[in-house]
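In: structure, please.
(one chain, ligands or ions: 1)
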Amino acid sequence: MSAAPLVSSDAPFGARLAAAMDDHGPLCVGVDPHVSLLQQWGLPDSPDGLRDFSLRVLEAVAGHAAALKPQAAFFERHGSRGLAVLEELVASARDAGILTIVDAKRGDIGSTMAAYADAFLRDGSPLAGDALTVSPFLGFGSLAPALDLAASTGRGLFVLCLTSNPEGASVQHATTTDGTTVAASVAAAAAQRNAGATPLGSVGLVVGATVGEAATATATDLAAVNGPLLAPGVGAQGAGAAELRHVFGDARRAVLASSSRGVLAAGPEILGLRAAAVAASAQARDALRAG
Ligand SMILES: O=C(O)c1cc(=O)[nH]c(=O)n1[C@@H]1O[C@H](COP(=O)(O)O)[C@@H](O)[C@H]1O
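Out: Residues are numbered from 1 along each chain as shown. Just a heads-up that it's a prediction; the model follows:
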């Protein structure tokens, strides 16, 4: 008999994610159906191939990782039929009890942002998972409609802050008009939204596990965010346990390590995928939770 969940499904995203990380380890598995992976798995580059790929990852990983992160781009490239697969994945993940972070990196002027929020964060919307990645580079304030709708529906956001790609630094390390860096100002704005939340607020940041000294260099106070820190870059982009410890230091207990190709390369067999996810989750737990 499985234990009763300690956190209600109505709890805010931050609380649900904290519980899932405690239960399953601080790992998020990315669903990124690259053409090369579809080929490697013996699947067609078509909506049917995407569907088979996605549902296999879900079956392998549910109950063994804290969250799934479908990368919308790989579904969008198949048009409406690809989006239908994304909708099916989000619904199936909900039934399987694993949290989903839809990685669509939306960001626009406020009035358009309200429509993105409606698409990805409204109860009953077919593309709404548990959280969405968003871009603050039109100004953090432009995200207000998404922040407000996420708060009222118990969903979460992951706001880009220090991204895993080397090009990100040219914008994120730059200094704003008030003299702070862009990254530090994004983190401070997220911290403001998370004030008082326990055990974790629902406004997370994206901070790549590959960014080295960037948090210190930009005076970004990750420990003060009081929200989850999504850390892509684990696995295929070269980061591992040492990088996770180094980049996040005192903030490491809030980190959700994220790996896509590093796990997906172990497919197509369910057992192989599951073993890769379990190993990546154990590595993340050792790096982030020990001591
Ligand atoms: O928001 C993201 O997840 C993200 C932010 C970032 O800074 N870097 C980054 O790689 N990602 C996403 O994380 C995934 C990384 O995939 P792998 O390199 O295969 O693990 C891709 O879907 C990226 O779009």
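In: flag the shaky bits of this structure, pLDDT-wise.
Out: Across the chain, the ranges flagged by pLDDT under 70 are 1-5, 291.
In: is the top helix by length along it positioned near the ligand?
Out: Ranked by residue count under DSSP state H, the longest helix found in the chain is helix 270-289. No: applying C-beta under 6 Å from any ligand atom, one finds helix 270-289 separated from the ligand by no less than 10.1 Å. (Glycine included, C-beta is placed from N, CA and C.)
In: and the contacts of that helix?
Out: 24-27, 29, 56-57, 59-61, 64-66, 234-235, 240-242, 244-245, 248, 252-253, 255, 257, 259, 262-267 (C-beta atoms under 8 Å, 6 or more residues apart in numbering).
In: the ligand contacts on the chain?
Out: Residues of the chain lying near the ligand (C-beta under 6 Å from any ligand atom): 30, 32, 71, 103, 133, 163-164, 206, 208, 232-233, 235-237, 258-262.
In: before we move on, back to that, pull the distance from the longest helix of the chain to the chain's centre.
Out: Relative to the chain's own centre, helix 270-289 is displaced by 16 Å; criterion: C-alpha atoms, centre = their mean, to the nearest Å.
In: same question, stretch 229-243
Out: How far stretch 229-243 lies from its chain's middle: 13 Å, per C-alpha atoms, centre = their mean.
In: for it, C-alpha coordinates in PDB please.
Out: Output in PDB follows, covering the C-alpha atoms of stretch 229-243 (Å, rounded to 0.1, in the frame of the first residue of the first chain):
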ATOM      1  CA  LEU A 229      15.900  26.700  -8.700                       C
ATOM      2  CA  LEU A 230      15.700  24.800 -12.000                       C
ATOM      3  CA  ALA A 231      19.200  23.700 -13.000                       C
ATOM      4  CA  PRO A 232      19.400  22.600 -16.600                       C
ATOM      5  CA  GLY A 233      22.800  21.700 -18.000                       C
ATOM      6  CA  VAL A 234      23.200  18.400 -16.200                       C
ATOM      7  CA  GLY A 235      24.400  15.500 -18.400                       C
ATOM      8  CA  ALA A 236      24.700  16.400 -22.100                       C
ATOM      9  CA  GLN A 237      25.800  20.000 -21.400                       C
ATOM     10  CA  GLY A 238      28.600  18.700 -19.200                       C
ATOM     11  CA  ALA A 239      27.500  19.500 -15.600                       C
ATOM     12  CA  GLY A 240      27.500  16.900 -12.900                       C
ATOM     13  CA  ALA A 241      27.600  16.600  -9.100                       C
ATOM     14  CA  ALA A 242      30.600  18.900  -8.600                       C
ATOM     15  CA  GLU A 243      29.100  21.700 -10.700                       C
END
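In: what sits up against it?
Out: Contacts of stretch 229-243 (C-beta under 8 Å, 6+ apart): 28, 30, 69, 101, 133, 158, 164, 204-212, 222, 244, 247-248, 251, 254-263, 265, 280, 283-284, 286-287.
In: coming back round to it: any of the contacts of helix 270-289 buried? List them.
Out: Buried subset of the contacts of helix 270-289 (neighbour count, 16 or more other C-beta atoms under 10 Å): 24-27, 29, 56-57, 60-61, 64-66, 234-235, 240-241, 244-245, 248, 252, 255, 257, 259, 262-267.
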